[in-house]
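mind folding the following:
(one chain, ligands or ions: 1)
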Amino acid sequence: MKTIIGNWKMHLGIRESIAHARGVLRSVMGHEVLPEIVICPSFTALSEVRKVLVRTRVALGAQTMGTERFGAFTGDVSVAQLDDAGCGFVIIGHSERRAMNGESDAVVNAKMKLIAQTSLVPILCVGESKESRVAGKAEEFVAQQLGAALRGVTLTKASRLVVAYEPIWAIDTGVSATPADAVAMHGVIREALRTIGVGAAVQVLYGGSVDGANAYSFLREPGIDGVLVGGASVKIHEFEAIVNAGRDVMIAQNV
Ligand code: PEP
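Below is the predicted model of the structure:
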């Protein structure tokens with residue numbers, strides 16, 4: 001099974017989100033073999049998109065969550081509220097939030113602790129900067145990020161964890177990592193998770209300028225369980241091409 005996650009970022013109003021979700025459904029209709037598909041609209045569109053996705057094979061996710069259970073935290077949305085809104089997934093530690101919203105490793109860790117007590121699946125984003133890669137420190141950096149995010153987090157065998165390797169320099173730049181670089185880093189991530197002793201079922205996805213043209217080259221790699229897609233996920237033909245690449249790989253490789 002391959003997993004394809006669309007992060008719609010701060011694009012699309014409510015009506016556009018409904019139309020886009022319907023477009024995603026149209027593009028998967030009639031196919032028996034399908035990757036797991038998750039779409040993550042803005043908070044404002046979650047409840048309307050949820051209605052579109054009821055009884056379909058496309059799941060709903062959120063782009064972030066707050067660090068507290070409930071209370072006087074103006075503007076925040078708790079994991080319980082996301083559950084209530086029908087989300088099965090939530091993106092944690094996206095590099096845009098780390099860079100622009102002050103989400104430190106400690107904040108990411110607090111969110112991971114909260115989500116571990118729910119049935120939502122975390123999509124934990126990790127990835128190095130260009131400087132870190134050029135300095136030959138990318139692997140060390142990503143392993144450290146994972147360790148910090150998962151410190152004291154109890155994930156049982158029944159839990160599920162999705163890790164998205166998203167090198168910062170590849171996000172929204174049109175310059176993706178090579179599949180070989182992604183595979184190598186995915187190996188580092190799996191090894192780090194083994195060292196940490198994560199008992200959960202883990203999938204490792206690649207994210208960073210994935211589009212309809214390059215998706216197959218990532219998805220065909222056995223070490224890459226799927227892709228997290230930003231910009232291309234709000235373009236219906238691109239997203240459809242990415243989903244089709246996932247289907248083609250699943251059919252060809254019988255996975
Ligand atoms: C993302 O936002 O997670 C992402 C991978 O963005 P893009 O595909 O636009 O690089």
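
most proximal residue of this structure with respect to the ligand?
As assessed by CB to the nearest ligand atom, the ligand sits closest to Gly230 within the chain, at 2.1 Å. For every residue, glycine as well, the C-beta is placed using N, CA and C.

spell out which parts of the stretch 1-150 of the chain neighbour the ligand.
Within reach of the ligand by CB under 6 Å from any ligand atom, the stretch 1-150 of the chain has these residues: 7, 9.

rerun that using 5 Å as the cut-off
Asn7 (CB under 5 Å from any ligand atom).

let me see the ranges of the helices in the stretch 1-150 of the chain.
Assigned by DSSP state H, counting those that start in this stretch, the helices in the stretch 1-150 of the chain fall at 14-28, 46-53, 79-84, 95-100, 105-115, 130-134, 138-150.

in the fourth one, which residues are buried?
Neighbour-count burial for helix 95-100 flags 95-98 (criterion: 16 or more other CB atoms under 10 Å).

average pLDDT across that helix?
The predicted model gives helix 95-100 an average pLDDT of 97.

residues in contact with it?
For helix 95-100, contacts defined as CB atoms under 8 Å, 6 or more residues apart in numbering pick out 9, 64, 103-104, 108, 125, 127, 166, 168, 171.

is it possible to export those to a markdown table including pLDDT?
Output for these, formatted as a markdown table (pLDDT from 0 to 100):
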| residue | pLDDT |
| --- | --- |
| Lys9 | 98 |
| Thr64 | 98 |
| Glu103 | 96 |
| Ser104 | 97 |
| Val108 | 98 |
| Cys125 | 98 |
| Gly127 | 98 |
| Glu166 | 98 |
| Ile168 | 98 |
| Ile171 | 97 |
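
please pick the buried ones from those residues.
9, 64, 103, 108, 125, 127, 166, 168, 171.

give me the number of residues near Gly102?
8 (other CB atoms under 10 Å).

my error: substitute Ser17 in the last question.
For Ser17, the neighbour count with other CB under 10 Å is 22.

so who does it touch?
Ser17 touches 8, 41-42, 45, 48-49, counting by CB under 8 Å, 6+ apart.

ok, now with 7 Å
41, 45, 48-49 (CB atoms under 7 Å, 6 or more residues apart in numbering).

gap between it and Ile168?
26 Å (CB to CB, to the nearest Å).

next one: Pro41
23 Å.

tell me the pLDDT of the residue lying closest to Ala138 once chain neighbours are set aside.
Distances taken as CB to CB, 6 or more residues apart in numbering place Glu128 nearest to Ala138, at 4.1 Å, with adjacent residues excluded. pLDDT for Glu128: 98.

so Glu128 sits against Gln144, correct?
No: at 9.9 Å, Glu128 does not count as touching Gln144 under the criterion of CB atoms under 7 Å.

between these two, point out the one with more neighbours.
Taking other CB under 10 Å, Glu128 and Gln144 do not tie; Glu128 has more neighbours (24 against 15).

quick one: contacts for that one?
Under the criterion of CB under 7 Å, 6+ apart, the neighbours of Glu128 are 138, 141-142, 167-168.

which one of those is nearest to Arg57?
Taking CB to CB as the measure, Arg57 lies nearest Pro167 of the contacts of Glu128, at 29.8 Å.

surely that closest one and Ser129 touch.
No: using CB under 7 Å, Pro167 is not in contact with Ser129, being 8.1 Å away.

neighbour count for the two, which is higher?
Taking other CB under 10 Å, Pro167 and Ser129 do not tie; Pro167 has more neighbours (27 against 16).

let me know the secondary structure of Gln203.
Of the three states, Gln203 takes strand under DSSP: H, G, I helix; E, B strand; the rest coil.

give the contact list for Glu221.
Taking CB under 7 Å, 6+ apart as the test, what Glu221 contacts is 179, 183.

what strand or helix carries it?
According to DSSP states H and E, Glu221 maps onto no helix or strand at all.

same question for the one 3 residues further on.
Element membership for Ile224 (DSSP H and E) is empty, with no helix or strand holding it.
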